[in-house]
Structures are given as C-alpha cells and as structure tokens.
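[1] Kindly generate the corresponding structure for this input.
(2 chains)
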Amino acid sequence: MHDMSAHAVHHGAPTSFIRKHIFSLDHKVIGKQYYALALVAVIVGMVLSWLMRLHLGFANFAIPGLHLLSKNGAPGDIMTPEYYLQLMTMHGTIMVFFVLTTAPFAAFGNFFLPIQTGAEDMPFPHFNMMSFWVTFTGFVILMASFFVSDGPTLGGWTQYAPLSAVGAVSGPGQGTGVVLWAFSIAFFCVGQLFGSLNFITTTLDMRCKGMSLMRLPLSAWAWFITSIMGLTAFAVLMPAVILLILDHIAGTSFFVASNLVINDSLLPHSGGSTLLWQHLFWFFGHPEVYIAIIPGMGIVSHILITNMRRPMLSHRVLIYSMGALAVLSYMVYGHHMFVSGMNPISSLAFSFPTLIITIPSTIVVLIWLGSLYGSKLRINSASLFALGFISMFISGGISGFFLAQPSIDILLHATYFVVGHFHLVMAVAAIFGIFGGTYFWFPKMTGRMMNESLGQLHFWLTFVGAYCIFMPFHYLGIAGNVRRYQAFVDDYLIPLIPVHKFITVAALATGAVQLIFIYNLIYSRFWGAPAPDNPWQGTSLEWSTATPPPHNNFGDKMPVVYHDPYQYSVEGASSDFIMQTSPEPVHSADEEK
Amino acid sequence: MAKILAVTIIVIAIASAVPIVMHIWPLPQDISLHGHLIDEQYTDTMWEAGISFLASQILLAIFIWKYSKPAPNAGIKRFPGGAAALVIAAFVLVGTEVLALGVFGAKAWGQAYFTPPSADALPVQVQAGQFAFYFRYPGPDGNFGPIHPNLISEANANFYGLDTTNDQDSKDDIVTAEMAIPVNREIHLLMHSKDLGHSFYVPELRVHQDFVPGLDLSIHFTATKIGKYEIVCTQLCGLGHYNMKAYLEVKSQADYDAWLKQQAALQ
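    Numbers count the residues shown, from 1 in each chain, chains lettered A, B, ... in the order given. So this is what the prediction gives:
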C-alpha cells in the first residue's frame, strides 16, 4: 500500500482556454479529448462501412456524391474495385486503432483511472498530453491519405507484406498510401506507449491512503492489465512499421523476398522474409484484441456490480482471469497463420494455447452469470449495454472454438466466418462496453444526466441490429464466402448475394440508429438534467467526489479508503451500499483481504 | 423490460441456431479423400460450441428474467458453490472439451500436413501472380525445367520464365491456365508465387494454403469426385483479388490423358 499522493506532480488549474481545453495536462480533459477523437473516428469508420456494404449488397450501386470523395475511386459515383479495398483498409485501421483502443482504454482510462486510484492526476502529465496529441497526429496523417493522388492503401489493416512493402507497383495506394499508414500507426504506437507508462505508474505509485491493489475496482484493474499489454504490444508494432517504412524509402528488403516479378519486371529487392511481417504484426495483433476487450470486461463488471447491488462472486478470480487472458494472448498469435506456410508443427503448438484461452474467458463469463444469480438487478441504459456485452462476448467467443483448430481453419480461414467472429467478440462487444461506460459515467464526466428513454431505445435497436448484421457472416463463411472481395463473381458465391443484401440493409439501419446516441450525447451535454454526485449509488472513488470532479479530483481533502471497492447489500449496514471512503465498519463474508 | 431482454436473447440464440441445424447454408460438398476428417472435426466442434452457446445465452436470459424484480427487502443470494465451483466447472468442462477438440483436431491436421505424398503422386506445379493462377505439368520426362524470374513475361506468354531453347527439362513442360487432375489419384501440388502473397483455396477439396513469396511450399490431396470446381485466392493481393480464380477439373484418367495431350499440342 502506498501513499504517494505527496509525490504527485502538482500542477495548478489552468486559466487560459488553450491550456484548459486544448493542450491540457489534466487527465480528465485528456480522457475527454480521446473520447472525442474516438467519436469522430467511429463516425468516419461507420460511414466507410455503409459505403462498403452498399457496394457489396447492391453491385455497382451509385452512391450519390461519392465522386466528390475520390474522382478516381468512384467515377460516376460507382466504387472501383481498388477503392472498395481502400475504404475497407481505412475502416479496419480506424476502428481497431482509433476507436476500439482509444475509447475504452485511453478515453475512459484516462478520465477514471486516477480518480478510482485516489490520485490527483497521472504522474507524468506532459507525457499524457503528448500521448493524446501524438495519437491525434496519427489520425490526421491517416485521414490525409484519403487525399493523396492514388488514395489510401488497399492492403487491409493487417498490411501483409510484400503487398505492403514493394511500393506503388503493386497497386493504387501502395506507395504514398502505405507510407502514410505506417507513419500514422507509428505515431499511434508512441501515443499508446506514453499512455501505458502513465497508467502503470498511476496504478502502482499514485494510490491514495488505504487503497491496496486489491481494493482497486475491476475497471481500474482492467486498465492496468491493458496498459502492461499496451507497453509490450505497441513496442513490437512500432519497430515493425518502421522497418516497413524503410522498405519503402530506404531501399531495404526486410519483408520482400528475392526474385519477385510484377508487371513483367524483376523487383530490385532481395533476401527479405514475407512471414517476418506476419510474426511481428500478429505478436502485436492478437494482444491488441485483448487490449480492445479487457477494458470492456472491467467497465462492464463495474457497471453490473453497481446495478446488481452486489460484488462479483470473486473479485480476485476476475482479476486473475483477465491477467491470464493477457499473458496467454501473446502465446496464441500464430492461429492467424495456420495456412500461412508456417511450419505445420507450429500451427499445432499455437492451437493448444488458443484452445486453453477459452478457460479464463469462460471463467469470466461464469463469474458474471453466477453473480447475476440471486442479485437485485436494475435495468437502465448502462446495465442493458453491459448485459448485451455479455451476450455478444459469448456469441463471438464461441466461434473461436472453430478458428482455434488448424484443421477447421482450412475450411474457414479468410472467410466471413472470421469477420463475424472478430466483429462480435472484439468490435461489437467492445463498443457495447463503450456505450455502457458512456451511459454510466456521462453524469460524472459532464455534470449532466443522459436521457434514459433514448438510451434504452438505442440499446434495443442496436442489440437486435448488431445480431442481424454479424450472425449471418458466420453462415456465409461456412458456405466458403471469402472476405475482402469487392464483388462475388465466383459461381459458388452468387447464391449467397441475398444474404449480403440482408446484411447491408441491417447495417444501414443499425448505423442510422446510432444517430439517437449522438443526439442524446450532444443534447444531454448541454441541456441534460443536472447530475448528482452519485446518481447510481456507487461505492468507488469517482462517486465520492464532486460532479464534475474539480481540477485535482478531490478538492481540498485527498480520500482515504477503508474498504474493498464493492460493498453492496452488506448485512447490518446503514444503507445498501458503503462507499470506499466511508469509515463505517463492515463485517461481511464478501470482504476480501 | 428485463423480461423482454430475456426473451429477446433466447429468440436471437434460437434463431441463430436454426440455419445451422437446418443446413440452410451448408459446408460445400466434400470431394477429397481426407476431407471427412475435417468435416467430422467441424461437426463435433459445432455440437460442443452450439450447446455451449445455447446453454450460456439461455442461462443469461433466465437470470436476467428472474433477478431483475426482487422483493424490496430481499437479500443477496449466493450462487451454490460460489466462485470455486464455477472455476472448477470451467477447468473441468471447458478444459476437457478443448483438450478433446485439440487432440482429435490434430489428427485431421496431421493427415493433411504430416504425411508425405506417396511416391506415385502426380506432381503439378501452380504459380500465383496478380491476378491469375498458372499450372505446369512436367511432360513425358517427368522433370520440371528451371524457372528464370528475369524471363517471366505475361506479354510473351512465358508465365513461368522458362528457357525452352537451352533448358532440356523445360522443352516438354506443359503450362495451362486451368487445372485438370485425374480422379482418385494423389496430387502433389508444388506451390510458388511470382510476386505477392496469394492463396490456393478449393472449398470442396478441403484444401487451403497460402503462397509465400520466397518459399516453395507443397500440399497433397486426392480428389474423389469428377466435376468442375473453383480455385479462389483468399490472400488480399491487390485490386483484382476478388477476380483471381481458376477452374479445377477432376476428370477420369482417360479424359485427363486426352486433356493433357491436347494441352501439350498447344504449347
């Protein structure tokens, strides 16, 4: 247990607009900046998915005004094959990096980790500010690639070499587009490394008096575990993209083999390894899946506990399971490469940890279910999205049984089955975590309540819509529908086109539903009912400070913690919850030391 | 509201399972000697995954239904056995399930990848490039002539970069844009890429293997049913990726011999 608050970096409240709202050192402002960035990114990413779905569902569909976005990419408003791939690549990159990593981890984590640990800020506020602005620069660089002459890269968010490494000769966007992509990701990595360092040190060194590690809420634990992953995973991706940049601008051949011929000319590269990129990328890429989803697990647990009016069956088991997921995530990455030409013995070696990772995942789900049992569940927008998260996580996780086995991967690799699997388990589930977190913490972040009726309407339409979009992807994959095709010209794929039409309609409708959320967000931000300090009768430290929290989070008096984070429905207590800062004694079997 | 959510979850879970149970979009037919092992593994996994999926969604729904409207002074009930029971259940049930899947799945994988091709397997070469496959048969001498990357030329229709003037082995090589193989004969497919990453996927044949520039890879299989099937690329290779395909014709031995003779005459 530490009382390091005396050592924290003190910085006075800023007075100028620029230092208060733009180049702010305050973790809460930085958290909101990350949230705003993720919101802009998710809108761009979603519009891209609409364009892709329209093109896939209704071949040669003229999308009014598309030529304004790219004259070459959409002559006569009809997408070219390469433009489809370019939009697809940007959709994946924006969503994985600038939404799924940014919102649940960087946005909510920045705002709430220091508050939940009882710190007045992160220990390195300048690094924290840089973390956001470097990430923002990465986003601007990525967006800039829409406007270069041959458009953004078409190589997919995985950027497999040598397609990504040989330059413009391999297709539109593969020259400048790839270089901009790689710079964007390199900036993103730097931002996340700065952020992760701050998260780790905040958790280890900035906790207030009485806040032992086991007294941290599950959301804080999730951000802490994720930050350790961020530090190790992005530290591998960054050198990989730097090597990719060197292959483009310095004449190196890290990822390009000898004797390759494109357009009847022999490429000057020699001696590189195609599979090296895949190993480096997926060493980052698989932990990245958990970087996206573990914060969601923490947020959802935190929301559910508050709304079930009870602690989880075991605080420690959930923490250990999230830790096990983090560790195992580095040992499973080869399941992306079963048919890549990697040694088939390696495929088996990667298969077993992939199967074993279902054990901690199952434990997490069972603890959630076992904790729902006998609880006093409240239904509101936040808890609905948290329950929806569990349903999505189960649905998306279970298809992993298939993809973990190399023999079945022969059937399903690179098909829509994979697309359905990862969208449900890491994208939709993570986004449900973001929505849940937003409805839950918006009052604390802004001082105003969100509209509950609109929130619930948003949930119902999104929950049903997301299943309508992503469940049929599995059926397509089983039938052998290959992903990353801009049109389905193969004889055996043509009968599947009606399924694509259904998915397109579902995607457009579910996307439109998100306008309800955006309206609610903007309306409530300015005109929502004023929020009390503790609207959900929560126990953790964010509910013991003012709404919104003051510059140094807790005002004049730093908090002192007396309890585990979730003292709900404690027998003999004065109310159905005891805050962490309350000195009221607790005698309960649930109190874990 | 909670009850509507519980019902919605159950309806979605059952509706999701219907197309699988009814085989509305089934696996492509299996035309290979080894495919039944993969299909059996797939079916076993579907049973285990399907039961886990339905059981956990229904349990979630039941708990949401049951515990969302507690009596005002109701206490919290603890799950029988607590967390320890659930952890043990996860280790025993899921642990057994995944180990079984892993061990039996290894058999199907081993059949495809750990057994060498038989000595009399018919060698066929396939070269992938943006955005076409080309196939090569060794001709009567049984040997493939060497590839000279600097001679590869689409313009001159020298897709393999063969030097038929100087290389004796190349003179009788047969290069085709479509693949034909005899039925019930093992094929040893020798794969290489001339430019980028591609893949060789024939769903009916239960064969899926990436081409890796710089690596010569090989797979082997036996087709058991005469017919015409599609070979598609599944590794994103550029703007024409969706259209990179070729046909695989599985023929009787007599038809195959005639086809090969006809192709030889076209060289």
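
[2] Which strands and helices lie in contact with the lengthiest helix in chain A?
    The helix spanning the most residues in chain A, taking DSSP state H as the definition, is helix A:274-308. Packing contacts for helix A:274-308, counted by 3 or more Cβ pairs under 8 Å, 6 or more residues apart in numbering or on different chains; DSSP states H and E, involve helix A:108-117, helix A:218-249, helix A:315-328, helix A:358-372, helix A:381-398, helix A:429-446, strand A:567-568. Every residue, glycine included, has its C-beta placed from N, CA and C.

[3] I'd like the average pLDDT over it.
    Helix A:274-308 shows a mean pLDDT of 97.

[4] Can you mark which positions in that helix are buried?
    A:274-275, A:277-308 (16 or more other Cβ atoms under 10 Å in any protein chain shown).

[5] For the closest residue to chain B within the stretch 351-500 of chain A, what is the enclosing helix or strand?
    Nearest to chain B in the stretch 351-500 of chain A, going by Cβ to the nearest Cβ, is A:G374, at a distance of 2.7 Å. Element membership for A:G374 (DSSP states H and E) is empty, with no helix or strand holding it.

[6] correct me, but it touches B:Y67?
    Yes - at 6.5 Å, A:G374 and B:Y67 qualify as touching, with contact defined as Cβ atoms under 8 Å.

[7] Which one, of the helices and strands packed on helix A:274-308, ends up nearest to A:F98?
    helix A:429-446 (12.7 Å; Cβ to Cβ).

[8] okay, which residue is most central for chain A?
    A:L100 (2.0 Å; Cα atoms, centre = their mean).

[9] Surely that residue forms part of a strand?
    No - remark: A:L100 does not belong to a strand; assigned using DSSP: H, G, I helix; E, B strand; the rest coil, it is helix.

[10] Could you list which residues are in contact with the nearest residue to it once chain neighbours are set aside?
    Excluding the flanking residues, the one nearest A:L100 by Cβ to Cβ, 6 or more residues apart in numbering or on different chains is A:A292, at 3.9 Å. A:A292 is in contact with A:V96, A:L100, A:T101, A:P104, A:F105, A:M426, A:A427, A:A430, counting by Cβ atoms under 8 Å, 6 or more residues apart in numbering or on different chains.

[11] May I ask which two of those are separated the most?
    A:F105 and A:A427 (14.5 Å).

[12] So between these two, which is more surrounded?
    A:F105 (30 against 24; other Cβ atoms under 10 Å in any protein chain shown).

[13] how close does the nearest residue to that one once chain neighbours are set aside sit to B:I14?
    Spatially, and ignoring its direct neighbours in sequence, A:F105 is nearest to A:P295 (4.8 Å; Cβ to Cβ, 6+ apart). When Cβ to Cβ, to the nearest Å is the yardstick, A:P295 and B:I14 sit 31 Å from each other.

[14] With A:I319 instead?
    The value you get for A:I319 to B:I14, if Cβ to Cβ is used, is 35 Å.

[15] The two: which is more packed in?
    A direct count of neighbours by other Cβ under 10 Å for A:I319 and B:I14 places A:I319 higher, at 21 against 13.

[16] Local confidence estimate at that one?
    For A:I319, the predicted pLDDT is 98.

[17] give me the number of residues near the residue nearest to it when sequence neighbours are not counted?
    Spatially, and ignoring its direct neighbours in sequence, A:I319 is nearest to A:W221 (5.0 Å; Cβ to Cβ, 6+ apart). Using other Cβ under 10 Å, A:W221 has 26 neighbouring residues.

[18] Now A:G374. Nearest residue, chain neighbours left out?
    Nearest to A:G374 is B:K77, by Cβ to Cβ, 6+ apart, at 2.7 Å.

[19] Verify the stated contact: that neighbour with A:Y373.
    Yes - the pair B:K77 / A:Y373 is scored as a contact, 6.8 Å apart, by Cβ under 8 Å.

[20] So which of the two has more stuff around it?
    More crowded of B:K77 and A:Y373, by other Cβ under 10 Å: A:Y373, with 19 against 13.

[21] ok, and the closest non-adjacent residue to residue 112?
    Using chain A here. A:F112 sits nearest to A:E542 (Cβ to Cβ, 6+ apart), 5.7 Å away.

[22] wrong chain, I was asking about chain B
    B:H34 (5.7 Å).

[23] mind listing what the one you found touches?
    B:A108, B:Q111, B:A112, B:R206, B:F221, B:T222.

[24] Farthest pair within those?
    B:A108 and B:T222 (15.2 Å).

[25] on that earlier part again, most tightly packed of the helices and strands packed on helix A:274-308?
    helix A:108-117 (a mean of 28; mean count of other Cβ atoms under 10 Å in any protein chain shown).

[26] which ones among the contacts of B:H34 are found in helices?
    Counting by DSSP H, the contacts of B:H34 contribute B:A108, B:Q111, B:A112 to helices.

[27] neighbours around the first one, how many?
    To tie it back to what came earlier, the one meant is B:A108. 24.

[28] Setting aside sequence neighbours, what's the nearest residue to the residue of the stretch 151-267 of chain B found nearest chain A?
    At 2.6 Å from chain A, B:G214 is the closest residue in the stretch 151-267 of chain B, using Cβ to the nearest Cβ. Leaving out its chain neighbours, the residue that sits closest to B:G214 by Cβ to Cβ, 6+ apart is A:A257, at 2.6 Å.

[29] my guess is A:P559 contacts A:R207, does it?
    No - at 10.2 Å, A:P559 and A:R207 do not qualify as touching, with contact defined as Cβ under 8 Å.

[30] what's the overlap in contacts for the two?
    With Cβ under 8 Å, 6+ apart, A:P559 and A:R207 have common neighbours A:G118.

[31] list the contacts for A:M95?
    A:A41, A:V42, A:G45, A:A427.
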